[in-house]
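[1] need a 3D model of the sequence below.
(one chain, ligands or ions: 1)
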Amino acid sequence: MANSLHHLRAGIIGTGFIGPVHIEALKRLGVQVTAICGSTQSAQATAQKWGIPEVYGNYDYRSMAASPNVDVVHITSPNKVHVEQSLAVLAAGKHVVCEKPLGMSSSETELVVAAVKNGGAKGPVFAVNYMCRFFPAVLQMRAMVQRGDLGKIIHVQGHFFQDWLLHQTDYNWRIVASEGGKLRAVGDIGTHWIDTVSFILGAQPKSVFAHLETFYKTRLRPQGEVKTFARVDRKTMEPYKVNTEDFGSLLLKFGKAKHSFATGVHANASISQVAAGWKCSLALGIYGTLGSVRWDLQQPNEIIVGRRDEPNQILQRATAGFSEDVSGFTDYPGGHPEGFPDSHKMHYRAIYEYIASKKKTPLLFATADDGHHEVQLCEAILQSSKEQRWVTL
Ligand SMILES: NC(=O)c1ccc[n+]([C@@H]2O[C@H](COP(=O)([O-])OP(=O)(O)OC[C@H]3O[C@@H](n4cnc5c(N)ncnc54)[C@H](O)[C@@H]3O)[C@@H](O)[C@H]2O)c1
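    Below is the predicted model:
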């Protein structure tokens, strides 16, 4: 199976923070990265750095999608162009791996769902990059919930905290609603938390009560484009009104699960991009009648199993504590840490094996339907926060 991945050729749209993460993961898998698309200068520089033969400058993604040397297109551009690029790539008959969120509104993301459906059973594969599903710890927690190891799940609690937008002078296109979407902290990282919990439980949120807050009503921004996590020149700053949230509190009621142990679960999460000290902490705890599991992306190689009447345990990736069904998603022995770049690698391996096997391997990754559901949920969260009431999808 692994060899067949080598016949598939990838083209990447976007050369910022996450584009090269895709390139590196694909190269580690042995997938050929044949084309890159971005601004002319950065596409050329990225091609040179990574040895990519075809360069499409001036954001000319249509020409790249038409290239006979590209089978799968990875969309790593800003959110506002995800849908138009997804539709163009699908129309060219190519497979898509699109960054999250799938789009800016559910009215546009439903166009992607329809386009995938129109492609039929033999049509292109479409994946949304909710790659946190592919941390072995997440797959392990999912297996434990599905086997009933934790009993009936009672509730889920956690957070996704970062601090890279803590200062008033921190700037990124995500802060501007017309660039990144009306929800920022929740849309950008909160949806990773929700998708991860949904994947573990095998169920989707059906209703939500949310409270969103913007600490900095006015921020200061530099002129020109700023790459994610890049340091900016503070001397030439100008003020602008902020129309997206810095942090939010979410209550979620999940619906029917695929198995009996996790139906009707209640969850609560705090989401923040102004939480000093936290760099990228997606933390969650799943609490059942027989026990609990806890995990934090910042310590991705272990989970804590909690029991009421027995000692708690720390289970480590690639050791006896992790079950056999997770072993296909980890490449290094226990004690040799795997993390964020590896979750991308495992995610793309699952997608490319699905493509190479003509859709016969398990479909574990997030689909266009899942991406559309996350955007619908974001709209319900925004409505709930405005009206201060439960909103049902
Ligand atoms: N899955 C994850 O963990 C993860 C992490 C970071 C970002 N992301 C997602 O990836 C996307 C990009 O985020 P980033 O942090 O890399 O942003 P970034 O600002 O660092 O990079 C965006 C890149 O897209 C380019 N670009 C701008 N307009 C374009 C267009 N019309 N066509 C093609 N390219 C265009 C920019 O020149 C830049 O190179 C976002 O949708 C974000 O939500 C996902």
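[2] get me the contact residues on the stretch 1-150 of the chain for the ligand.
    By the rule Cβ under 6 Å from any ligand atom, the part of the stretch 1-150 of the chain lying against the ligand is 13-19, 38-39, 42, 59, 61, 76-79, 81, 99-100, 129, 131. Placement of C-beta: from N, CA and C, glycine included.
[3] restricted to helices, list those.
    The helices, defined by DSSP state H, take in 19, 42, 61 from these.
[4] from what I can see the last one touches residue 89, true?
    Yes. In this structure, residue 61 is within contact of residue 89 by Cβ atoms under 8 Å, at 7.5 Å.
[5] got the ones in helices among the residues of the stretch 1-150 of the chain next to the ligand as CSV, with pLDDT and neighbour count columns?
    Listed next are these as CSV, based on pLDDT from 0 to 100; neighbours: other Cβ atoms under 10 Å:
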residue, pLDDT, neighbour count
19, 98, 24
42, 97, 17
61, 98, 24
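[6] dump those residues into a markdown table; add distance to residue 271 as well.
    What follows is those, written out as a markdown table (distance: Cβ to Cβ, whole Å):
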| residue | distance to residue 271 |
| --- | --- |
| 19 | 25 |
| 42 | 30 |
| 61 | 31 |
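[7] circling back to that earlier point, got a PyMOL select line for the buried ones in the residues of the stretch 1-150 of the chain next to the ligand?
    Buried residues within these, by 16 or more other Cβ atoms under 10 Å, are selected in PyMOL with:
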select buried, resi 13+14+15+16+18+19+38+42+59+61+76+77+78+79+81+99+100+129+131
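[8] the closest residue in space to residue 367 that isn't next to it in sequence: neighbour count?
    Nearest non-adjacent residue to residue 367, counting by Cβ to Cβ, 6 or more residues apart in numbering: residue 126, 6.4 Å away. A count of nearby residues for residue 126, using other Cβ atoms under 10 Å, gives 26.
[9] for residue 254, what are its contacts?
    The contact partners of residue 254, by Cβ atoms under 8 Å, 6 or more residues apart in numbering, come to 197-198, 201, 203-206, 262-267.
[10] who in the stretch 201-350 of the chain is up against the ligand?
    Listed as neighbours of the ligand in the stretch 201-350 of the chain under the rule Cβ under 6 Å from any ligand atom: 227-228.
[11] in the stretch 201-350 of the chain, which residue sits nearest the ligand?
    Proximity of the stretch 201-350 of the chain to the ligand (Cβ to the nearest ligand atom) peaks at residue 228, 3.2 Å away.
[12] thinking again about what came up before, which ones are touching the residue nearest to residue 367?
    By Cβ under 8 Å, 6+ apart, the contact list for residue 126 reads 86, 90, 95-96, 98, 112, 116, 367-368.
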